[in-house]
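Peer 1: one predicted model, sequence on top.
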Amino acid sequence: MIVDLEDAVYSYDKLIANGRAMAEKYHKIIHYVTIGSTHDNRDIVMLKLGYGRKYMLFCGGVHGRETINPIVLMHITEYYAELYTKHTVQKNYFNKQKPDVNLDMEEYEQIIFGNCIYELLSTFTILMIPLLNPDGYMVSLNGFDEIRDSTLKEKALGRNIISEEWKYNARGVDINRNFPCRLWRPKNPTDYVASENETKALIAVFNQYKVRGFIDFHSRGKSIYYYRRSMSASYNDRQLRVAKRLASIIKYELMPPSDELEPGDTGGNTVHYFSEHFNKLALTIETVDENAAFPLEHRYRSSTFEELKLVFFEFGSLII
């Protein structure tokens with residue numbers, strides 16, 4: 001596999017290199033796209049997985065310090081591409097003959113799941129944005145010297161927040177409070193919605209593709225947020241049905257409507273924007289333990305991959 005969950009430090013440069021290598025190796029099924037650039041001049045990358053005419057979108061790395069999800073989303077992208085590729089080689093198992101009776105159960109299940117992934121990627125194109133906030137991500141990994149613009153660096157240092165806890169972009173803005181929605185309000189007099197390059201990049205993707213469903217992956221809590229007070233009861237009923245199904249698979253907790261926003265929250269989340277502007281399914285999934293400390297330990301990578309690897313297939317089956 002190209003994406004190694006055991007990499008000591010999974011840097012932005014490694015993610016970019018992996019994305020390009022995957023697009024080359026799986027050129028029939030993965031396309032590498034740049035959707036924008038950050039305020040510190042890093043590309044924001046999207047991988048298009050599949051060739052279906054329907055679209056679903058998954059995003060990670062909105063908050064810099066949440067460093068587990070980007071590598072996990074990259075690994076899942078490659079995992080699905082590998083299953084798809086193997087299936088095209090093993091078509092005879094499904095089209096011409098029964099599976100080899102000598103196959104063990106693990107091999108047999110992989111073939112069956114490979115067939116499911118083949119069908120999924122024939123129906124859908126998965127839009128995967130593994131790291132929306134590469135500037136903040138690199139600050140969280142290596143410190144504020146990763147901000148190359150001296151003015152931005154000085155401003156970030158002035159916030160007096162340790163780098164491991166840095167959730168913002170290079171301009172010190174929380175991207176997940178920067179999307180226009182009904183609940184948004186400015187926290188500071190200079191705040192205004194969609195001010196950030198990262199926000200604009202994601203909004204552009206929403207508008208370019210007819211996305212049928214969206215999941216934004218964050219950390220911490222092993223939980224799923226589905227409720228939108230700004231949306232209709234019928235919308236929330238549908239959200240709940242899908243969230244319950246995913247929660248039953250990954251064994252995460254469903255968060256109650258009262259926990260949609262914390263007290264004093266200024267709103268402006270990615271999922272609120274998508275819900276209100278497109279009236280389509282939009283969930284937030286929080287990975288890793290609630291009590292996990294930043295920086296997040298590498299041991300969460302493998303367990304999070306195992307928890308999430310079926311989510312994309314199941315989500316597709318629920319929004320088709």
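Peer 2: That came through fine. Numbering: from 1, shown residues only.

Peer 1: how many residues are close by V9?
Peer 2: 9 (other C-beta atoms under 10 Å). In short, each C-beta sits where N, CA and C put it, glycine included.

Peer 1: now do the SS call for it.
Peer 2: coil (DSSP: H, G, I helix; E, B strand; the rest coil).

Peer 1: got phi/psi on it?
Peer 2: phi -130, psi 120 (degrees, to the nearest 10).

Peer 1: quick one, what contacts it?
Peer 2: 141-142 (C-beta atoms under 8 Å, 6 or more residues apart in numbering).

Peer 1: send me stretch 25-32 as CSV with only the CA atoms.
Peer 2: The C-alpha trace of stretch 25-32 is given here as CSV (Å, rounded to 0.1, in the frame of the first residue of the first chain):
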residue,chain,number,x,y,z
LYS,A,25,-1.2,3.7,-9.7
TYR,A,26,-5.0,3.6,-9.8
HIS,A,27,-5.3,6.0,-12.8
LYS,A,28,-8.5,4.3,-14.0
ILE,A,29,-10.3,5.0,-10.8
ILE,A,30,-8.6,7.9,-8.9
HIS,A,31,-8.1,11.5,-10.2
TYR,A,32,-6.0,14.1,-8.3
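
Peer 1: any chance you could list what contacts that stretch?
Peer 2: Taking C-beta under 8 Å, 6+ apart as the rule, stretch 25-32 contacts 2, 19-20, 22-23, 45, 47-51, 77-78, 81-82, 84-85, 121.

Peer 1: apply 6 Å and report the result again.
Peer 2: 19-20, 22-23, 47-49, 81, 84 (C-beta atoms under 6 Å, 6 or more residues apart in numbering).

Peer 1: now stretch 232-250
Peer 2: With C-beta under 6 Å, 6+ apart, stretch 232-250 has contacts from 224, 226-227, 254, 281, 283, 307, 310-311, 314, 318.

Peer 1: so which of the contacts of stretch 25-32 are in strands?
Peer 2: Within the contacts of stretch 25-32, residues falling in strands by DSSP state E are 47-49.

Peer 1: name the SS class of D237, please.
Peer 2: Classified using three-state DSSP, D237 is helix.

Peer 1: which residues in this protein form helices?
Peer 2: 12-25, 68-89, 92-95, 105-123, 134-142, 150-157, 197-208, 233-250, 270-278, 300-308, 311-319 (DSSP state H).

Peer 1: mean neighbour count, those: which tops it?
Peer 2: helix 134-142 (a mean of 26; mean count of other C-beta atoms under 10 Å).

Peer 1: tilt between that one and helix 12-25?
Peer 2: 120 degrees (axes from the mean of the first three to the mean of the last three C-alpha atoms, to 10 degrees).

Peer 1: what packs against helix 134-142?
Peer 2: With contacts taken as 3 or more C-beta pairs under 6 Å, 6 or more residues apart in numbering; DSSP states H and E, helix 134-142 sits against no other helix or strand.

Peer 1: please redo it, this time with the cut-off set to 10 Å
Peer 2: helix 12-25, strand 43-50, helix 150-157, helix 197-208 (3 or more C-beta pairs under 10 Å, 6 or more residues apart in numbering; DSSP states H and E).

Peer 1: okay, now the unreliable bits of the stretch 51-200 of the chain?
Peer 2: 90-110 (pLDDT under 70).

Peer 1: let's see that with 90 instead.
Peer 2: Where the stretch 51-200 of the chain drops to pLDDT under 90, the residues are 86-116, 183, 185-191.

Peer 1: re earlier: turn the helices of the chain into TSV, including distance to T190.
Peer 2: TSV is the format used below for those (distance: least, C-beta to C-beta, whole Å):
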stretch	distance to T190
helix 12-25	28
helix 68-89	29
helix 92-95	59
helix 105-123	44
helix 134-142	19
helix 150-157	12
helix 197-208	15
helix 233-250	33
helix 270-278	20
helix 300-308	36
helix 311-319	37
